[in-house]
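In: Task: produce atomic coordinates for the following.
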Amino acid sequence: MRSALGEPDARAAVTFLGTDRIEVLRFRAADQEGDLVRYATLGMSAQPMADPTAPLADPVKGPRAELVLSVRAGRADTGKVLRPLAVLAASPQVEGVIVAPGASLDVGEALWPGAPFSSVLVAEPGGLVEDLELDAPLDPVRFLPLLPMTPNEAAWKRVHGGQALQERWLTHGTDLRDPSRRSVPLE
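Out: Okay, here's the model as predicted:
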């Protein structure tokens, strides 16, 4: 992560009963439209994600991932996203889910104070942080971008799919890094 995002300027750690420690790192960056803040989990990939229907989890083989959320700085109090991100990163251990591109993850509350989002769409990896290859037989660690969804977008995604929602965002020029954006038109 450091080679792609630089040095983190803040970090927080959360431990849930029965899970490994999850850290959330904050990185600052800039693009053409201003400053960005990136939050990345660390610790989710310590254990492979297991198929919840499997009778026994394989301690070595299985997908591994970390989560990355990018938002524009100074537009909302996004610093409070640390705990919700840790909750999402712990979901494979706590709930036995496999987090993969196209999935929806919901924390049941605003991602940060006043946020119009309580869920995220998991996007395809490889754009910001490349996969981290591990020694065989371990699967590589994939760095999965998270795209915040409003409740209306999440409901629309359940009916039409993640790809259709991403196309709608693209068609309407939606700034997915805007922490206070409104829902994309869904008609």
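In: so residue 143 makes contact with residue 70?
Out: No - checked against CB atoms under 8 Å, the pair residue 143 and residue 70 is beyond contact range at 11.5 Å. The C-beta positions use only the backbone N, C-alpha and C, and glycine is treated the same way.
In: Give the residues shared as contacts by the two.
Out: residue 128 (CB atoms under 8 Å, 6 or more residues apart in numbering).
In: more crowded one of these two?
Out: Higher neighbour count among residue 143 and residue 70: residue 143, with 23 against 19, using other CB atoms under 10 Å.
In: what kind of secondary structure is the more buried one in?
Out: Judged by DSSP: H, G, I helix; E, B strand; the rest coil, the three-state class of residue 143 is strand.
In: Contacts only, for it.
Out: Counted by CB under 8 Å, 6+ apart, residue 143 has contacts 1, 40, 65-68, 125, 128-132.
In: Select, from those, the two members most distant in space.
Out: Largest separation among those by CB to CB: 67 and 130, giving 15.4 Å.
In: quick one: which of the two has more around it?
Out: Neighbours per residue, other CB under 10 Å: of residue 67 and residue 130, the larger number sits with residue 67, 26 against 14.
In: Backbone dihedrals for that one, please?
Out: phi -110, psi 140 (degrees, to the nearest 10).
In: correct me, but it touches residue 99?
Out: Yes - applying CB under 8 Å as the test, residue 67 and residue 99 come out as touching, 7.5 Å apart.
In: Quickly list what's touching both of those two.
Out: In contact with both residue 67 and residue 99: 44, 88, 122, 144, using CB under 8 Å, 6+ apart.
In: of the residues you listed, closest to residue 168?
Out: Using CB to CB, the shared contacts of residue 67 and residue 99 come closest to residue 168 at residue 122, 16.8 Å.
In: List the contacts of that closest one.
Out: Applying CB under 8 Å, 6+ apart, the residues near residue 122 are 67, 99-105, 144-147, 162.
In: between the residues you listed, which has the most around it?
Out: residue 67 (26 neighbours).
In: which residues pair with it across the strands?
Out: residue 144 (DSSP bridges).
In: quick one: contacts for it?
Out: Residue 67 neighbours (CB under 8 Å, 6+ apart): 40-41, 44, 85, 88-89, 99, 122, 143-144, 146.
In: Try it again at 7 Å.
Out: Taking CB atoms under 7 Å, 6 or more residues apart in numbering, we find residue 67 in contact with 41, 44, 85, 88-89, 144, 146.
In: likewise residue 70?
Out: Counting by CB under 7 Å, 6+ apart, the residues that residue 70 touches are 36, 38, 177.
In: What is the burial count for the last one?
Out: Using other CB under 10 Å, residue 177 has 20 neighbouring residues.
In: Having no further points to raise, I will conclude here.
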